[in-house]
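1. here is a sequence together with a model predicted from it:
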Amino acid sequence: MSNTNGFTLIELLVVLAIISVMSSIVFADFSNSEGKLALKRAAYQVAQDIRETEEMVLSSAAEVTCDGNKKICGYGLEFNATQSPTSYFMFLDCDNNCANSNYQRDGNDKDIRRANLEKGIQIHQLSPSPLNIVFRAPDPTVWINKADWGVEAIITLQSPQNETRAVKVNSVGRVELQ
């Protein structure tokens, strides 16, 4: 009469195999989920920075001023997927005469800050490209690539897994995540 109070070697190997297969599935899904989450956070960051730029115009509480005698004509963002696919600029639109402002980032303007996207996330596509969005007080008026009405901007971000997420801004300043 034999007393069997333990596990056989085969039973232990089967349990270890099942645990290792389940662990690999969980870890593989985790890395994919991490990329999706980074893409989502980057899209929210872009949308938040657009809203923050619009709020700067409304509050007129800038910590920066234009150089020399130039006037503040608005606050803007510049996206350029060719020159800088992992970042974009928030800037102060400066000019001697705001009626003649070009409503885009140029040598007269002053950078507020450069915003970097999350690691691995890039600006995939811009419509129109390159893209300048400038908010001008008091309404605020939204200028998208020198046009103030009937224009829509779409900023498409891409993750390393080739998934995309878009941020859309229309000519009245409404920001949507897609």
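-> Noted; the coordinates are in hand. As the structure is a prediction and not an experimental result, all values here were calculated from the model.

2. which SS state does the spatially most central residue of the chain fall under?
-> By C-alpha atoms, centre = their mean, the mean C-alpha position of the chain lies nearest to V46, the distance being 3.1 Å. Following DSSP: H, G, I helix; E, B strand; the rest coil, V46 is assigned to helix.

3. look up how far G150 lies from it.
-> The spacing between V46 and G150, counted by C-beta to C-beta, to the nearest Å, is 22 Å. Quick note: C-beta positions are derived from backbone N, CA and C, even for glycine.

4. sorry, back to before: for the residue nearest to the residue nearest to the centre of the chain when sequence neighbours are not counted, what are its contacts?
-> Once flanking residues are discounted, V46 sits nearest to V167: 4.9 Å by C-beta to C-beta, 6 or more residues apart in numbering. Listed by C-beta atoms under 8 Å, 6 or more residues apart in numbering, the contact set of V167 reads A43, V46, A47, I50, I154, I155, L157, V175, E176, L177, Q178.

5. where do the strands of this protein begin and end?
-> Ranges of strands within the chain are 71-79, 87-95, 110-116, 122-127, 131-136, 141-144, 152-158, 164-170, 175-177, based on DSSP state E.

6. the closest residue to A38 other than its chain neighbours and N108, how far apart?
-> Closest residue in space to A38, ignoring its immediate chain neighbours: E118 at 4.4 Å, by C-beta to C-beta, 6+ apart. Noted for E118: a distance of 31 Å to N108, by C-beta to C-beta.

7. ok, G68 next?
-> Distance, G68 to N108, using C-beta to C-beta: 10 Å.

8. more neighbours, those two?
-> N108 (17 against 8; other C-beta atoms under 10 Å).

9. quick one: the more buried one and K168, what's the gap?
-> Using C-beta to C-beta, N108 is found at 28 Å from K168.

10. just G120 next, same as before
-> G120 is 23 Å from K168, by C-beta to C-beta.
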